[in-house]
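>>> task: produce atomic coordinates for the following.
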Amino acid sequence: MLKPIIEFCASNMHHGTDRVMKQLEANPELEIIEYGCLGNCGECYLFPFGMVNGEIVAAPSADELFDEIMKAVGEQDAEREALDRLIDDL
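Numbers count the residues shown, from 1 in each chain. Now for the predicted structure:
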């Protein structure tokens, strides 16, 4: 199975996403990437966010963002497994 890719915008670090990124980097099952800009300036200015496999995940605070990212990773894994089972049944 491929590692989930979690992307962060360097310009969003003022919301505390740098701490979230460091927490996630400790998990060897995740691929963490930091970019100078992810092109989501509206979100970047307003609240902490990251991208999980290309989907925006945001939260009111950096602490909540960690939980939302892990939730999104779990949901995407479950969806992928369900699709794999469906394909195997065909």
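>>> which elements pack onto the helix or strand of the chain with the lowest mean pLDDT?
The weakest-scoring helix or strand in the chain, judged by mean pLDDT, DSSP states H and E, is helix 41-46 (a mean of 82). Here helix 41-46 touches no other helix or strand, going by 3 or more Cβ pairs under 8 Å, 6 or more residues apart in numbering; DSSP states H and E. Any C-beta I mention is one placed from the backbone N, CA and C, and that applies to glycine too.
>>> mind listing what the following helix or strand past that helix pairs with, with the direction of each?
Later in the chain than helix 41-46, the nearest helix or strand by DSSP states H and E is strand 49-52. Using DSSP bridges, strand 49-52 pairs in its sheet with strand 5-9 (antiparallel), strand 55-58 (antiparallel).
>>> for the ones you listed, which one sits closest to Ile33?
strand 5-9 (4.9 Å; Cβ to Cβ).
>>> could I get the buried residue list for that closest one?
Ile6, Glu7, Phe8, Cys9 (16 or more other Cβ atoms under 10 Å).
>>> beta partners of the spatially most central residue of the chain?
For the chain, the residue nearest the mean C-alpha position is Val52 (3.2 Å; Cα atoms, centre = their mean). Counting by DSSP bridges, Val52 forms beta bridges with Ile6, Glu55.
>>> verify the contact between it and Gln76 for me.
Yes: the pair Val52 / Gln76 is scored as a contact, 6.5 Å apart, by Cβ atoms under 8 Å.
>>> find residues that contact each of the two.
Pro4 (Cβ atoms under 8 Å, 6 or more residues apart in numbering).
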